[in-house]
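Enquirer: structure for this input, please:
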Amino acid sequence: MIYGIGTDILRIERIEQLYDKYGQALAERLLSRIELLEWRSVGNKANFLAKRFAAKEAFAKAVHTGLRSPVTLHHISIAHDKLGRPEFVVEPPLQEWLRQQGIGRVHLSLSDDNGAVVAFVVAEKG
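Expert: Down below sits the predicted model:
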């Protein structure tokens, strides 16, 4: 059964402007520790940041909390499974909160085209 659905659309240019202004401080604010390590080695840093931020915003909408504890930018990471599909990895405080809410799985779809990023998230009970 579906617990919630969240979506977010973001212009990559918006993140590029913020990155030009704040540099690595922006990455440190938006990314988890795991993501920050990966971000340092990617070529298109603004695109990486935009995808991660859009996914986390959509996650927060799907679980009906917005970005507030324990659903925080640093408690949510986006990784890829062995087939390259994006998936969420969450820190223990958020994992426990999801369990308490009865949320068993959170699905993620990410896309970027024509200067925009879209994230679509479905949170599933069970």
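
Enquirer: tell me if Ala123 really is in a strand.
Expert: Yes: checked against DSSP: H, G, I helix; E, B strand; the rest coil, Ala123 lies within a strand.

Enquirer: strands along the protein, start to end?
Expert: 2-11, 76-80, 86-90, 103-113, 116-125 (DSSP state E).

Enquirer: nearest to Ala60, of those?
Expert: Set against Ala60 and scored by Cβ to Cβ, these come closest in strand 2-11, at 6.8 Å. C-betas here are computed from N, CA, C, even on glycine.

Enquirer: quick one: mean pLDDT over the closest one.
Expert: Averaged across strand 2-11, pLDDT comes to 98.

Enquirer: and that strand, which strands flank it?
Expert: Strand pairing for strand 2-11, determined by DSSP bridges: strand 116-125 (antiparallel).

Enquirer: dump the C-alpha coordinates for the partner strand into CSV.
Expert: Coordinates of the C-alpha atoms in strand 116-125 are reproduced here as CSV (Å, rounded to 0.1, in the frame of the first residue of the first chain):
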residue,chain,number,x,y,z
ALA,A,116,16.1,20.4,-15.3
VAL,A,117,16.1,17.6,-12.8
VAL,A,118,13.0,15.7,-11.8
ALA,A,119,12.7,13.3,-8.8
PHE,A,120,9.7,11.0,-8.2
VAL,A,121,9.4,9.1,-4.9
VAL,A,122,6.9,6.5,-3.7
ALA,A,123,6.9,5.5,0.0
GLU,A,124,5.4,2.1,0.5
LYS,A,125,3.9,0.7,3.7
